[in-house]
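In: sharing a sequence plus its predicted fold:
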Amino acid sequence: MSAAAPETGAEKERLDPEFVKLAVILLTGVVMVAFDTTIVNVAINDLARGLHTSVSTAQWTISGYVLTLGMVVPVAGWASERFGAKQVWIAALAMFMVASVLSSAAWNIEALIGFRLLQGVGGGLMLPLVQNLLVEAAGGRKLGRIMALVSLPGLFGPIAGPVIGGLIVSHLSWRWIFLVNVPFSLAGLALAWRGLKRSIPRRGAYLDVTGLVLLSPALAAILYAVTEVGIQGGFDHTTVVAPLATGVALLGVFALHALRTRRPPLVNLRLFKVRSFSASIASMFLSGFGVYGALLLLPLYYQQVRGQSALYAGLLLAPQGVGMLLTRSKAGSLTDHIGARPVVLAGVVLTIAGTVAYTQVGVNTNEILLGLSLVVRGAGLGAVTIPVMAAAYLGLRPDQVPHATTATRIAQQLGGAFGTAILAMILATQLHTHQAAGLVGQATAFANTFWWSLGFTAIAVIPALALPHQHNDPHPGD
């Protein structure tokens, strides 16, 4: 990206009104895509009962959605260039809305899983488009504050999703889990139709079909394998080993193809020569363990050990969301002024401090202490996520932005999937080991698993040390 003219005074503190307008349009449309990664979680039991299936089968309404999100991400950049960003955005949002309506009308579990896959296609196109359009509109300036906006749905989704889902399940049918998307989608479509500038499609836009045939199945196979880890309770099962080996092999072949092809690859792996980009990708992958892995443990602890309802468990997660909001804006501003490294390191320390109380949980641990710990933990997660995303774009040219977005989204999807699966496996092992001790044993199992979560968070310090210290550190793109 070309260097921007120096800003002074109030200009440094405010975003361009046209940029804010663009952000409102895009975030209105994409907010339910982020919510839908978690809002269905609390309705799984109701889905299974309502559609006369097992919980393990109903779980694929979540896993299938996440798998499709990951598979479609690599296509978004090409589709935006070939058909125009506005056109793709409206088509993807309309697809997401139609799939939501169809999901609410599903007559059996197979139909629901199929409609959720269609939802994932729409959402998988929208998520990277938001990031691309806002980063390009910012012109390389105020990346910290830009990422604070981009990450807003992602911060709200894991926290508000279970609460909204719990409210719906407690008072309405599970079908309203999907119908709640419709008003947001309609508002997003109306705003996009009137407010987004029509972009000119490039008829000759090149799609790396070979890369797509290799990368999308690789991601799907790896994500499938890690979801099976939690179900099977370990890695030593054919349903885990076979897809994981296939996915890793396809990923290796894709890497060779991307480095050797003379045409633009689906993902430009040469971006990993940029130190800040590589450090950001590694940090983003590890942050998935802290965010999504712990989001598996927290509600389960409150429900299984404390005997709380799904709705109450969702509400007890709200303090973490409050903590994220407390540091979101400040983390973005500090990243723009002092660089990503000190902000991320401070965030990791806060996340660790907020997790310590959960390594000591028992059957009757004080809920006020746990709630305050979640505020601290959320503040740390908010301070980690935003600067890491911003640092991924430092020193990149405009034509490299879509490749960076694809890579960051893949890292988030894989990190979240790996974090959830590995902590689920550890928790299952711990629960089996301590099952004879009843509720006290269950509490011990959760405490031990939270120690693992804390350890994974601490490892994030290593790539954080490679992040830029000053916002204007030179890291030229390839």
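Out: That came through, no problem. Residues are numbered from 1 along each chain as shown.
In: count of neighbours near residue 318?
Out: As a burial measure, residue 318 scores 17 neighbours (other Cβ atoms under 10 Å). Bear in mind the C-beta positions are built from the backbone N, C-alpha and C, glycine included.
In: how is the protein carved up into domains?
Out: Following automatic domain parsing, one gets these domains for the chain: 14-202, 208-265, 272-478.
In: let's have these in a markdown table, adding mean pLDDT.
Out: A markdown table is the format used below for those (pLDDT from 0 to 100):
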| stretch | mean pLDDT |
| --- | --- |
| domain 14-202 | 78 |
| domain 208-265 | 84 |
| domain 272-478 | 79 |
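In: any idea how far residue 284 is from residue 415?
Out: Distance, residue 284 to residue 415, by Cβ to Cβ, to the nearest Å: 6 Å.
In: please apply the same query to residue 407.
Out: As judged by Cβ to Cβ, residue 407 and residue 415 stand 12 Å apart.
In: residue contacts, the most centrally placed residue in the chain?
Out: The centroid of the chain falls nearest to residue 412 when counting by Cα atoms, centre = their mean (5.2 Å). Each residue near residue 412 by Cβ atoms under 8 Å, 6 or more residues apart in numbering is listed here: 284, 285, 287, 288.
In: quick check: buried residues in the helix or strand that contains residue 245?
Out: Applying DSSP states H and E as the criterion places residue 245 in helix 238-260. Buried positions in helix 238-260, judged by neighbour count with 16 or more other Cβ atoms under 10 Å: 240, 243, 244, 246, 247, 250, 251, 253, 254, 255, 257, 258.
In: now these in a markdown table, with distance to residue 33?
Out: Shown next, in a markdown table, are these (distance: Cβ to Cβ, whole Å):
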| residue | distance to residue 33 |
| --- | --- |
| 240 | 28 |
| 243 | 25 |
| 244 | 27 |
| 246 | 28 |
| 247 | 24 |
| 250 | 26 |
| 251 | 25 |
| 253 | 30 |
| 254 | 26 |
| 255 | 29 |
| 257 | 30 |
| 258 | 27 |
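In: re the thing from before, figure out how far the very next helix or strand once past the helix holding residue 245 is from the centre of its chain.
Out: Per DSSP H and E, the first helix or strand lying C-terminal to helix 238-260 is helix 275-288. For helix 275-288, the separation from the chain centroid amounts to 13 Å (computed by Cα atoms, centre = their mean, to the nearest Å).
In: ok so, going back, filter the contacts of residue 412 down to the buried ones, ChimeraX style.
Out: Here is the ChimeraX command that selects only those of these that count as buried (16+ other Cβ under 10 Å):
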select :284,285,287,288
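In: quick check, nearest of the contacts of residue 412 to residue 339?
Out: residue 284 (16.8 Å; Cβ to Cβ).
In: the closest one - nearest residue in space that isn't next to it in sequence?
Out: Distances taken as Cβ to Cβ, 6 or more residues apart in numbering put residue 411 closest to residue 284, at 4.2 Å, once the chain neighbours are dropped.
In: that neighbour reaches residue 289, doesn't it?
Out: No: using Cβ atoms under 8 Å, residue 411 is not in contact with residue 289, being 11.9 Å away.
In: measure how buried the residue nearest to residue 284 is and give me the count.
Out: 21.
In: could you do residue 272 as well?
Out: Residue 272 has 13 nearby residues by other Cβ under 10 Å.
In: cool, residue 426 as well?
Out: Residues lying near residue 426 (other Cβ under 10 Å) number 20.
In: just put the contacts of residue 412 in TSV and tack on distance to residue 350.
Out: As requested, those are exported to TSV (distance: Cβ to Cβ, whole Å):
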residue	distance to residue 350
284	18
285	20
287	13
288	18
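In: out of the contacts of residue 412, who's nearest residue 116?
Out: Comparing these against residue 116 with Cβ to Cβ places residue 288 closest, at 20.8 Å.
In: what are the buried residues along the longest helix belonging to the chain?
Out: Looking across the chain with DSSP state H, the single longest helix is helix 401-433. By 16+ other Cβ under 10 Å, the buried positions in helix 401-433 come out as 401-428, 430-431.
In: next, the angle from it to helix 275-288.
Out: Using axes from the mean of the first three to the mean of the last three Cα atoms, to 10 degrees, the direction of helix 401-433 lies 30 degrees away from that of helix 275-288.
In: can you list contacts of the following helix or strand past helix 401-433?
Out: Next along the chain after helix 401-433, taking DSSP H and E as the criterion, comes helix 438-459. With Cβ under 8 Å, 6+ apart as the test, helix 438-459 has contacts from 286, 289-290, 293-294, 297, 300-301, 304-305, 348, 351-352, 355-356, 358-363, 365, 419, 423, 426-427, 430-431, 433-435, 437.
In: quick check: phi and psi at residue 84.
Out: Main-chain torsions, residue 84, degrees, to the nearest 10: phi 100, psi 140.
In: who are the packing partners of the host helix or strand of residue 354?
Out: With elements taken from DSSP H and E, the one containing residue 354 is helix 340-355. If you count contacts as 3 or more Cβ pairs under 8 Å, 6 or more residues apart in numbering; DSSP states H and E, helix 340-355 packs onto helix 275-288, helix 318-338, helix 367-391, helix 438-459, helix 461-464.
In: what's the closest of those to residue 89?
Out: Residue 89 lies closest to helix 367-391 among those, at 20.1 Å (Cβ to Cβ).
In: between the closest one and helix 340-355, how many degrees?
Out: Helix 367-391 and helix 340-355 are oriented at 160 degrees to each other (the same axes, to 10 degrees).
In: pull out the buried positions in helix 367-391.
Out: So for helix 367-391, counting by 16+ other Cβ under 10 Å, buried means 370-371, 373-391.
In: SS state for residue 235?
Out: Here residue 235 is recorded as coil under DSSP: H, G, I helix; E, B strand; the rest coil.
In: so how far is residue 84 from it?
Out: Counting by Cβ to Cβ, the separation of residue 235 from residue 84 is 44 Å.
In: comparing those two, which residue is more hemmed in?
Out: Between residue 235 and residue 84, residue 84 has the larger neighbour count (other Cβ under 10 Å), namely 19 against 15.
In: so what's that one up against?
Out: Counting by Cβ under 8 Å, 6+ apart, residue 84 has contacts 198, 199, 200, 201.
In: narrow those to those that are buried.
Out: For the contacts of residue 84, buried by 16+ other Cβ under 10 Å: 199, 201.
In: in stretch 431-442, what's buried?
Out: Neighbour-count burial for stretch 431-442 flags 431, 434, 441, 442 (criterion: 16+ other Cβ under 10 Å).
In: what's the closest of those to residue 466?
Out: For the buried residues of stretch 431-442, the closest approach to residue 466 (Cβ to Cβ) belongs to residue 431, at 37.1 Å.
In: ok, that closest one - contacts?
Out: Contacts for residue 431 (Cβ under 8 Å, 6+ apart) come out as 441, 442, 445.
In: coming back round to it: dump the contacts of residue 84 into a markdown table; add secondary structure as well.
Out: Compiled in a markdown table, the contacts of residue 84 are given as follows (three-state DSSP):
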| residue | secondary structure |
| --- | --- |
| 198 | coil |
| 199 | coil |
| 200 | coil |
| 201 | coil |
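In: could you dump the contacts of residue 84 to CSV with distance to residue 61?
Out: Output for the contacts of residue 84, formatted as CSV (distance: Cβ to Cβ, whole Å):
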residue, distance to residue 61
198, 35
199, 34
200, 38
201, 34
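In: sec struct for residue 173, please.
Out: What three-state DSSP gives for residue 173 is coil.
In: count of residues packed around it?
Out: 13.
In: what do you get for the one 4 residues further on?
Out: Burial measure for residue 177: 26 neighbouring residues, criterion other Cβ under 10 Å.
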